[in-house]
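K.L.:
What follows is a protein structure lacking sequence information:
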Ligand SMILES: Nc1ncnc2c1ncn2[C@@H]1O[C@H](COP(=O)(O)OP(=O)(O)OP(=O)(O)O)[C@@H](O)[C@H]1O
């Protein structure tokens with residue numbers, strides 16, 4: 001479904017920050033990118049939604065989504081794709097909402113800019129999606145401001161918005177890093193349910209090998225803009241090929257001899 005073919009990205013005139021990145025993501029698959037800060041994880045997933053930060057530019061390779069190149073899309077074609085077929089969530093997805101407008105009116109506006117539905121219907125679509133994300137008091141939340149919600153609730157609202165059109169692909173950049181451990185595991189379970197319910201593929205960026213090990217079918221290890229190791233969860237955790245992966249695994253805390261990945 002999503003194919004990165006030898007993608008390189010450079011910021012300005014500098015050396016590429018991502019080099020020769022090649023990866024296939026199948027329908028409904030969960031793939032995690034792990035690696036130290038600055039290894040190019042965010043750069044890689046942002047190329048798949050055409051939103052590189054600053055002066056980042058794809059300088060080599062191609063990205064295919066359902067067989068069509070994403071690199072040749074016009075701004076209008078990108079608008080049609082984003083949100084509907086490919087969505088993205090961030091560390092604090094609620095932060096993208098306007099703090100002085102109620103969540104419901106922003107949710108309705110978002111739905112109505114992507115699909116021609118009446119406001120009432122859009123409200124209902126938004127409300128139901130909040131319930132699917134484990135927010136039972138959905139009517140109250142629609143009438144709230146984002147600052148009135150906890151971190152976990154804000155993240156659920158962000159994911160509900162990202163998933164309202166049931167996209168085929170969800171890009172998730174550190175979706176649980178800002179949350180406490182209990183909320184992290186709730187959000188992780190909820191994301192796994194999204195795959196069950198909607199068949200969405202998830203391309204996940206995380207610092208946390210435990211999160212990657214719990215969620216992902218496949219783990220990709222990155223360093224200095226390159227893929228240095230990859231495999232199924234089992235292969236990577238139990239038979240890591242690269243010395244760097246072994247170092248990452250060694251850095252995972254253990255308690256009383258029990259490892260937490
Ligand atoms: N807006 C930008 N302008 C210039 N260079 C950038 C920009 N964003 C990223 N880079 C470069 O790309 C490299 C990779 O950054 P990226 O954010 O993709 O890494 P990452 O693995 O996601 O790191 P982190 O986990 O800290 O988010 C950085 O080391 C930096 O050199």
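P.N.:
Right, received. Where do you want to start? Worth saying up front: this structure is predicted, and the values here are computed from it rather than measured.

K.L.:
Pull out the buried residues from the longest helix anywhere in the chain.
P.N.:
Determined from DSSP state H, the single longest helix within the chain is helix 181-198. Using 16 or more other Cβ atoms under 10 Å as the test for burial, helix 181-198 gives 183-184, 187-188, 190-191, 194-195, 198. (Each C-beta comes from the backbone N, C-alpha and C, glycine too.)

K.L.:
Now the element after that helix, going C-ward?
P.N.:
strand 201-205 (DSSP states H and E).

K.L.:
and that next one, what does it pack onto?
P.N.:
strand 30-35, helix 41-47, strand 169-173, helix 181-198, helix 209-215 (3 or more Cβ pairs under 8 Å, 6 or more residues apart in numbering; DSSP states H and E).

K.L.:
elements contacting the first one?
P.N.:
Applying 3+ Cβ pairs under 8 Å, 6+ apart, one finds that strand 30-35 makes contact with helix 41-47, strand 201-205, helix 209-215, strand 218-223.

K.L.:
quick one: contacts of that strand?
P.N.:
Strand 30-35 is contacted by residues 23, 25, 41, 44-45, 192, 195, 201-209, 211-212, 215-223, 228, 248 when judged by Cβ atoms under 8 Å, 6 or more residues apart in numbering.

K.L.:
same thing with the fourth one?
P.N.:
Contact partners of helix 181-198, identified using Cβ under 8 Å, 6+ apart, comprise 28, 30, 132-134, 150-152, 155-156, 159, 163, 166, 170, 172, 175-176, 179, 200-202, 211, 214-215.

K.L.:
What is the burial count for the residue in the stretch 51-200 of the chain that the ligand sits nearest to?
P.N.:
The minimum distance from the stretch 51-200 of the chain to the ligand, using Cβ to the nearest ligand atom, falls at residue 54 (3.0 Å). Residue 54 is flanked by 7 other residues according to other Cβ atoms under 10 Å.

K.L.:
what residues are up against it?
P.N.:
Residue 54 neighbours (Cβ under 8 Å, 6+ apart): 11-12.

K.L.:
That one should be in a strand, yeah?
P.N.:
No: counting by DSSP: H, G, I helix; E, B strand; the rest coil, residue 54 is not part of a strand but coil.

K.L.:
State the pLDDT value of it.
P.N.:
Predicted confidence (pLDDT) for residue 54: 89.

K.L.:
if I look at it, how far off is residue 93?
P.N.:
21 Å (Cβ to Cβ, to the nearest Å).

K.L.:
Can you name the residues of this structure that neighbour the ligand?
P.N.:
For the chain, the residues in contact with the ligand (Cβ under 6 Å from any ligand atom) are 11, 17, 35, 37-43, 53-54, 207.

K.L.:
Restricted to buried residues, select those in ChimeraX.
P.N.:
Command for ChimeraX, covering only those of these found buried under the criterion 16+ other Cβ under 10 Å:
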select :11,17,35,39,40,41,42,43
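
K.L.:
Put together JSON lines for the residues of the chain next to the ligand, with distance to residue 103 on each row.
P.N.:
Putting those into JSON lines (distance: Cβ to Cβ, whole Å) gives the following:
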{"residue": "11", "distance to residue 103": "34"}
{"residue": "17", "distance to residue 103": "35"}
{"residue": "35", "distance to residue 103": "34"}
{"residue": "37", "distance to residue 103": "32"}
{"residue": "38", "distance to residue 103": "34"}
{"residue": "39", "distance to residue 103": "34"}
{"residue": "40", "distance to residue 103": "34"}
{"residue": "41", "distance to residue 103": "29"}
{"residue": "42", "distance to residue 103": "26"}
{"residue": "43", "distance to residue 103": "30"}
{"residue": "53", "distance to residue 103": "26"}
{"residue": "54", "distance to residue 103": "30"}
{"residue": "207", "distance to residue 103": "29"}
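
K.L.:
Tell me the one among the residues of the chain next to the ligand nearest to residue 62.
P.N.:
Nearest to residue 62 out of these is residue 43 (Cβ to Cβ; 16.0 Å).

K.L.:
Do I have it right that the closest one meets residue 56?
P.N.:
Yes: between residue 43 and residue 56 there is a contact under Cβ atoms under 8 Å: 6.5 Å.
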